[in-house]
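Enquirer: have a look at this prediction, sequence included:
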Amino acid sequence: MNFEAEAALTASLFAVDPHALGGVCIRSCANPFRDNWLQLLRDLLPAAAPLRKIPCNIEDSRLLGGLNLAATLRANRPVAERGVLACVDDGVLIVAMAERLSAHTASLLCNALEQGEIHVEREGLRLRHPTRIGVVALDEGIAEDEFVPRCLLDRCAFLLDFAAVTARTVLVPEHERSQIDAARALLPKVTIETTFVQALCATAMALGAGSVRVSMLAVHAARVLAALDGRLAVTQEDAETAGRLVLAPRASVVPQMNPKDAPEDTAPPADAAPPAEQPAPPQQRAADAGDSPPLRDESSQAPAETPPETPQEASQQPPQPSPADLQQMQDVVLAATQAAIPSGLLSQLRLQGGAQRAAGNTLGRFGALRKGGARGRPTGVAPAGAERSRLNVMETLRAAAPWQSVRGRTGGKAGRLDIRPEDLRVTRYKQRSRTLTIFAVDASGSSALNRLAETKGAAELLLADCYVRRDQVAVIAFRGRVAEIVLPPTRSLVRAKRSLSALPGGGGTPLAAAIDSAALMAAQAQRRGESAIVVMLTDGRGNVARDGRLGREPGQVDAMSAARKFAAAGISALFVDTSPRPQDLARDLARGMNATYVPLPFADARSLSRLVGAANSRRPASG
Amino acid sequence: MPANARAVFPFSAIVGQDEMKLALLAAAVDPTIGGVLVFGDRGTGKSTALRGLAALLPPMRVVVGCRYGCDPDNEDALCSECRERAATGALKSRLAPVPVVDMPLGVTEDRVVGALDLERALAHGERAFEPGLLARANRGFLYIDEVNLLEDHLVDLLIDVAASGENLVERDGLSVRHPARFVLVGSGNPEEGELRPQLLDRFGLSVEVKTPTELDQRVEVIKRRDEFERDKVAFTARWKRQDDQLRRRIVAGRKRLSSIQTPQSVLETAARLCMLLGTDGLRAELTLIRAARSLASFEQAGKVDVVHLRRVAASSLRHRLRRDPLDESGSTARVERALTETFGP
């Protein structure tokens, strides 16, 4: 089945039971094909089902509901207003630019999906609304650090990628609305045999599609498939298709099947080939993003938490009903699922990347909200002054309320709420300036020989310091030809430590690439409204040029030019010289970067962390 | 009550996750243990268990007309309104379900601490206090899903109230204090952010939940969930007997709690374990003993023994190890090592 047919089938499935299937995440730029898909969904859903689009930066008060100001003022008592979530009950919510969704908003959506109702405690109101919604997340992420929050992906049964769309791709509906309606009526009666549940679970585990929730969605998708076909029981084909649609896009490990019952005869249908034609999305994205955010490749996934289960283990689980059959069944479902995974797998698996980047996502995402004065986290309420800020309606009413009887006597219009300037209350926001500390760690051969262990030790000391200041940290390691982001910005120090200790050593010293990479990440952080500081831990002996050429001369020339570019960007930095004895090379480079130079032999715990602190406080002046 | 209004997945039908269930039951038997933090992977039934617990709790006696659900038999913990009532005569009481209050995401501060009752202020010009979630959670459970995403100013509020058991409100020209003793239950995914150490300290027990790695267990999870979704009433009815039995054991455990003996040897073992792990202060030891006693009582043992201690040690101590932020991943392992050293393999 080619991807446009899969997209059409997904629309049919989702339209049957949006709430139980949770959602569809569509990775695609805005294009007519995506519009057609949304239109198809609209056509398949019951006419009465609400379908509403929200921007990713929607405010809590709109999403959850709150006080209806106009009605409240008219009625002289608090009047509630339903939020968008309550309004789309029994319908579908479309989230535009879902890759920009904050962790907070994503959690609200997840909660609505999970509970089927929301519970609101806001602005003096207490409300409960049913929210049996489904979500369509439009993911227009291009760069590596843009993706839909994992918690939401985990609750979406289907992940579609329209990267392969061309101008000639047509979306042909697989079903009509009457068929969808019939399936919806039939669905509650559809049963699924335990063997299929087992097969889907085993497949999910073999593919490393970790969460039980995902397996649950696959099982439900299989039932919906049966219902669409007018059957009361799930067949093997349903299970296969469900595995392909729900599980395959989440594969994070390459499944290995028992060689003896290899899939040649059992599975992949001939038309499962098309995925291979799809351009490799991450690479393309990287190309789009311009100058070289280092690509994650297989080696970078080593430190990630790949699920411990191997397919062998999974299939060794004692299945109760006739083991041979079950084994075969699992392999068939696995094979069908696998066939849907594009070739050249690991480098293309964006979800795997997602797993690694997850933590960075949730806390580093508030950049856009940070612009402008009256943004950030609300920290309290104050009387309105000269500063421009957002009016806090509830608190204003509270301030005005006790005076109403007095004012009513002294000339306010009867029956009307009399609000005076002194009553106005604004919400105060605190813009916590978040700091990102980027560790660029030299793991090259020369460094490894000398003192990679000590470098790691120094980095850990600094990490502890970041913890105290609740900074975010990121780790870039450079060795061989490339500098790679081992750990994207995160507040999880545990992960930082893990990624550091798993760092292998050896190879050349691509210093220029490392400096460029750190500068790029720092610039990204600054765009998000955060301050960034770079800690270089290296002996400064660059011997790999930007283009990957080996050689001391070009390596150092490039490193120096990268250092100047870095300094020009006004990023504050700490240069920790890890060579056995301090040397001019590193000192010059540090000067070039306009960085504070610290030779490691003299760097004990306290002086290092003091230096980071100093570099930090110096930052506002310098940049 | 919400627990009855909505069908809740029965607590006893939850597959596996024994440590989490044990911790929740221990906290239900002895609320002074002080809260449970459940941290773990997505989709491991964290919220399901916490909501299921609500349906298990036996009803409690409250003063009629009291907005804070005061206990008529506990004079010290009465709110000011109940004190006035008590001064004029005997307090009337009634049975009420134990409150399990959800602190939903996106909650505003006025709803948490309480605020001026706007309706009465507008309609009658009265300055009256409208209690918030903290008041409603008094003597019950306060549940915060995604506790690590909670806004900082709300965390500040909680940290103070959770320790003092009293909510002080100074706003809108109101000055109110009322009892707010509750068991704090939080859940979250550690990958999405860490918890402030002060808040971490408010949780008596902390458990880690993991996605089941056994195929059979997973299949069972899915089958039960599926059955539940298809016919909630029938499914709940099928598990009623087990749930009822758990409830009876909780009630019996509470009654017996004060009579459970804690031998000197157990106290010494607990102290040794805490010293070995270098936990801060007395809280760790106290929690450890309380949790072990609660477990012993729940399991109808006459006295606490080292096996009880061992079973609750990990959840009582893992979040209280001296804060080496870099060794978080190893805290469970560290506790395990110390346990083996103390109790033998």
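Expert: Received, thanks. Residues are numbered from 1 along each chain as shown, chains lettered A, B, ... in the order given.

Enquirer: helix, strand, or coil at B:Leu142?
Expert: strand (DSSP: H, G, I helix; E, B strand; the rest coil).

Enquirer: ok, B:Thr279 touching B:Leu321?
Expert: Yes. Between B:Thr279 and B:Leu321 there is a contact under CB atoms under 8 Å: 6.2 Å. Where you see a C-beta, it was placed from the backbone N, CA and C, and this is true even at glycine.

Enquirer: and these two? Which one has more around it.
Expert: B:Thr279 (23 against 20; other CB atoms under 10 Å in any protein chain shown).

Enquirer: what helix or strand is A:Thr509 on?
Expert: Under DSSP states H and E, no helix or strand contains A:Thr509.

Enquirer: what number of residues lie near the residue lying closest to it once chain neighbours are set aside?
Expert: Leaving aside its sequence neighbours, A:Thr509 sits nearest to A:Ser444 (CB to CB, 6 or more residues apart in numbering or on different chains; 3.9 Å). For A:Ser444, the neighbour count with other CB under 10 Å is 28.

Enquirer: right, and A:Ser444 touches A:Val482 too?
Expert: No. Taking contacts as CB under 8 Å, A:Ser444 lies outside contact range of A:Val482: 11.2 Å.

Enquirer: overlap of the contact sets of these two?
Expert: Common neighbours of A:Ser444 and A:Val482, counting by CB atoms under 8 Å, 6 or more residues apart in numbering or on different chains, are A:Pro510.

Enquirer: ok, whichever residue of the stretch 1-150 of chain A sits closest to chain B - contacts?
Expert: Going by CB to the nearest CB, chain B is nearest to A:Glu121 of the stretch 1-150 of chain A, at 3.8 Å. The contact partners of A:Glu121, by CB under 8 Å, 6+ apart, come to B:Met103, B:Pro104, B:Val107, B:Thr108, B:Arg111, B:Val112, B:Gly132, B:Leu133.

Enquirer: so B:Arg293 makes contact with B:Ile260?
Expert: Yes. Counting by CB under 8 Å, B:Arg293 touches B:Ile260, with 5.2 Å between them.

Enquirer: higher neighbour count, the two?
Expert: Using other CB under 10 Å, the more surrounded residue of B:Arg293 and B:Ile260 is B:Arg293, with 28 against 19.

Enquirer: does that one count as helix, strand or coil?
Expert: helix.

Enquirer: against B:Leu133, how distant is it?
Expert: B:Arg293 sits 30 Å away from B:Leu133, taking CB to CB, to the nearest Å as the criterion.

Enquirer: go on, B:Met60?
Expert: Distance, B:Met60 to B:Leu133, by CB to CB: 18 Å.

Enquirer: okay, the two: which has more neighbours?
Expert: For B:Met60 versus B:Leu133, neighbours defined as other CB under 10 Å are more numerous around B:Leu133 (22 against 15).

Enquirer: just the pLDDT for that one.
Expert: We have a pLDDT of 92 for B:Leu133.

Enquirer: likewise for the one 10 residues further on?
Expert: Reported pLDDT at B:Tyr143 in the predicted model: 90.

Enquirer: show me what it is bridged to.
Expert: B:Asp102, B:Val185 (DSSP bridges).

Enquirer: my guess is it meets B:Pro104, correct?
Expert: No. Using CB under 8 Å, B:Tyr143 makes no contact with B:Pro104, being 9.7 Å away.

Enquirer: identify the contacts common to B:Arg293 and B:Ile260.
Expert: In the contact map built from CB under 8 Å, 6+ apart, the residues linked to both B:Arg293 and B:Ile260 are B:Val304.

Enquirer: low pLDDT regions in chain B?
Expert: Scanning chain B for pLDDT under 70 picks out B:1-6, B:42-43, B:191-193, B:280-281, B:322-330, B:345.
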